[in-house]
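Peer 1: what would the 3D arrangement of this be:
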Amino acid sequence: MEIDGLKDYELEKYITDIMLDIGVPAHLKGYHYLRDAIMLSGKDMEVVSSVTKLLYPTIAKHFKTTDQKVERAIRNAIEVSWVRGNAETFEKMFGYSAQTGRTRPTNSEYIARIADKVRLDVKAM
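Peer 2: Predicted coordinates for the structure are as follows:
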């Protein structure tokens, strides 16, 4: 099955489950921006290679805010999940975690890795 064959709410629920497992707090604005970024990237991986020109402006338009605020909120959500999140899940998904002494992944690395996992999991269904 392709990711386009999945209903948006099913995809959103699946991504939400992953994000909560990693430890992204749902009360942060970046949580919602991140979920949209992963959904958009899962449907079209090209947007990950151009986060500042395609991804952030698309999300900013959807939420009626600026690209800079989207980038900052996503970075903050990733930082919070990196420090306080589930290290075991990070190890499985990224191959490293904060406890191994590595720095957190960049916004685009984080989004791309989760979007890729979602795409692969959907294909396996």
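
Peer 1: for this structure, what are the low-confidence residue spans?
Peer 2: For the chain, residues meeting the criterion pLDDT under 70 lie at 1-6.

Peer 1: what is the helix or strand harbouring residue 78 packed up against?
Peer 2: Per DSSP states H and E: residue 78 is located in helix 67-84. Contacts defined by 3 or more CB pairs under 8 Å, 6 or more residues apart in numbering; DSSP states H and E place helix 67-84 against helix 29-43, helix 56-63, helix 107-124. Placement of C-beta: from N, CA and C, glycine included.

Peer 1: highest mean neighbour count out of the ones you listed?
Peer 2: Among the helices and strands packed on helix 67-84, ranked by average contacts under mean count of other CB atoms under 10 Å, first place goes to helix 29-43 (a mean of 22).

Peer 1: could you give the angle of that helix to helix 107-124?
Peer 2: Angle between the axes of helix 29-43 and helix 107-124 is 50 degrees (criterion: axes from the mean of the first three to the mean of the last three CA atoms, to 10 degrees).

Peer 1: follow-up on the earlier one: any chance of the helices and strands packed on helix 67-84 in JSON lines with distance to residue 76 as columns?
Peer 2: Below are those laid out as JSON lines (distance: least, CB to CB, whole Å):
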{"stretch": "helix 29-43", "distance to residue 76": "5"}
{"stretch": "helix 56-63", "distance to residue 76": "14"}
{"stretch": "helix 107-124", "distance to residue 76": "10"}
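
Peer 1: wait, which of the ones you listed is closest to residue 71?
Peer 2: Set against residue 71 and scored by CB to CB, those come closest in helix 56-63, at 5.4 Å.

Peer 1: quick one: that closest one to chain centroid distance?
Peer 2: Here helix 56-63 shows a centroid-to-chain-centroid distance of 15 Å under the convention CA atoms, centre = their mean, to the nearest Å.
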